[in-house]
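Enquirer: 3D model of this:
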Amino acid sequence: MKYKISLFLLAAIVLAACSATSGAPAPTLDAVQQTGQAVYNLRCAQCHALAPDTIVIGPSMAGIATRAANRMDGYDAEAYIEHSILVPGDYIVDGFTDTMPTNFGKELTSAELTGVVAFLMTLK
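Expert: Numbers count the residues shown, from 1 in each chain. Take a look at the predicted model:
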């Protein structure tokens, strides 16, 4: 387990260095957010872009921390993001279909899920 987390952290650092863009400086990520970024890059990035108005398969995650606060009644941004990962069919963004995998609850560890939510919360 310790090796797995170290591997994710290393991947996050390498990917962060390779994906730097000009413009607004990227936020400094803590260890949990770095783990989440690594999981995002491995499991989510093939369908969800981080660039605004960029659609791969699913909606862009740019600004998700802001939008998520108002998506579902009774859910704050963190709760909505976590729920959307675990039960993606409960809220489908207009213009998209229900194609997100439903097995992340079984495949992600608690630390990985917490990390992905923490990383997505940095995307304001």
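
Enquirer: all contacts plus neighbour counts: C-alpha atoms, from now on.
Expert: Will do.

Enquirer: Spatially nearest residue to residue 96, not counting backbone neighbours?
Expert: Of all residues not flanking residue 96 in the chain, residue 58 sits nearest, at 6.7 Å (CA to CA, 6 or more residues apart in numbering).

Enquirer: again with residue 115
Expert: Excluding the flanking residues, the one nearest residue 115 by CA to CA, 6+ apart is residue 36, at 3.7 Å.

Enquirer: What of residue 63?
Expert: For residue 63, ignoring the flanking residues on the chain, the nearest one in space by CA to CA, 6+ apart is residue 124 at 4.3 Å.

Enquirer: Could you count how many residues lie near the one you found?
Expert: Neighbours of residue 124 under the rule other CA atoms under 10 Å: 12.

Enquirer: Go ahead and confirm residue 117 touches residue 82.
Expert: Yes - at 6.2 Å, residue 117 and residue 82 qualify as touching, with contact defined as CA atoms under 8 Å.

Enquirer: okay, and the common contacts of these two?
Expert: Listed as contacting both residue 117 and residue 82 by CA atoms under 8 Å, 6 or more residues apart in numbering is no residue at all.

Enquirer: So which of these two has more stuff around it?
Expert: When residue 117 and residue 82 are compared for neighbours, residue 117 comes out ahead with 25 against 19, by other CA under 10 Å.
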